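Q: Sequence below, structure please.
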Amino acid sequence: MIFSPYPGRVLILARTGDGTLAGIYALTGRSESSRRRQIIQLSPAELRVAPLDDHDHDSLRHYTAALSDEQWTVFGNGEQVGTVFDRLFAGAPPAVALDDLSYEPDPPLHTPRITAVVSRSSGTVWLGAARRPDGLRSTADVTVTTVREMAVSDALTLTTYDSDGSSVAVAATVDEFTTPAATPDDLLDEVWSSLDPAYRVAAALLSPMSGAGATLRHA
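A: Presented below is the predicted three-dimensional model:
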């Protein structure tokens, strides 16, 4: 698994060698405020990205990163996680729940909103991304990738950036990899070691078929 030096936020779904569907949400950061963050487990059904201390809340850096109920697990890089979860709870199908989102209001970057939805009954995965177009249009382009079956060693990832750490470019598509990870813990080790130590901040290993409970790792 190979990332650019600074991938921003990272979503991964993978089928490890033991047959487990594993999810990872990882944070990287360049600025001091982006690096002074942690992922905390508020409950078995909720993960949150929070500051290390008592600084004022910043909605672009501090947010609910994962939610689950008996039907769905949703995780992603911002406040849209709650929006998507509420739409699913109200009965919207995943492709509809992921539609009509926007990118972050952080010009000039216009960071994409990236979101994963997993059906806890079927294991079907939906990966959604809301990005600002390259041209003059300001309305978001939303793409949803539906994956109904993942074989052992299959891995899918969405990142917000494709960057060398100095100039930042928005990542374009869902990338597919193969992973040698025999277990979810091995996958977490693989992802953590693949992130540049200069930028990695935190990662959460989820079992999305079971909910939003996670194994956490911090720099």
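
Q: got a list of contacts for stretch 75-88?
A: Stretch 75-88 is contacted from outside by 8-9, 11, 23, 25, 47, 59-60, 63-67, 69, 71-72, 74, 94, 96-98, 101, 104, 111, 113-117, 128, 130, 160, 204, 206, 208, 212, using CB atoms under 8 Å, 6 or more residues apart in numbering. Every residue, glycine included, has its C-beta placed from N, CA and C.

Q: Show me just the buried residues among these.
A: Listed as buried from these are 8-9, 11, 23, 25, 47, 63-67, 72, 74, 94, 97-98, 101, 104, 111, 113-117, 128, 130, 160, 204, 206, 208, 212; burial here means 16 or more other CB atoms under 10 Å.

Q: Those residues in strands, which ones?
A: 9, 11, 23, 25, 47, 63-67, 72, 74, 113-117, 128, 130, 204, 206 (DSSP state E).

Q: show me where pLDDT drops low in the protein?
A: For the chain, applying pLDDT under 70 flags no range at all.

Q: where along it do the helices fall?
A: 32-35, 80-89, 94-97, 184-194 (DSSP state H).

Q: Run the chain-centre distance for the first one.
A: The one in question is helix 32-35. Offset of helix 32-35 from its chain centre (CA atoms, centre = their mean, to the nearest Å): 18 Å.

Q: tell me which residues of that helix are tucked away?
A: So helix 32-35, judged by 16+ other CB under 10 Å, has buried residues 34, 35.

Q: Which elements pack onto that helix?
A: Helices and strands in packing contact with helix 32-35 are not found; criterion 3 or more CB pairs under 8 Å, 6 or more residues apart in numbering; DSSP states H and E.
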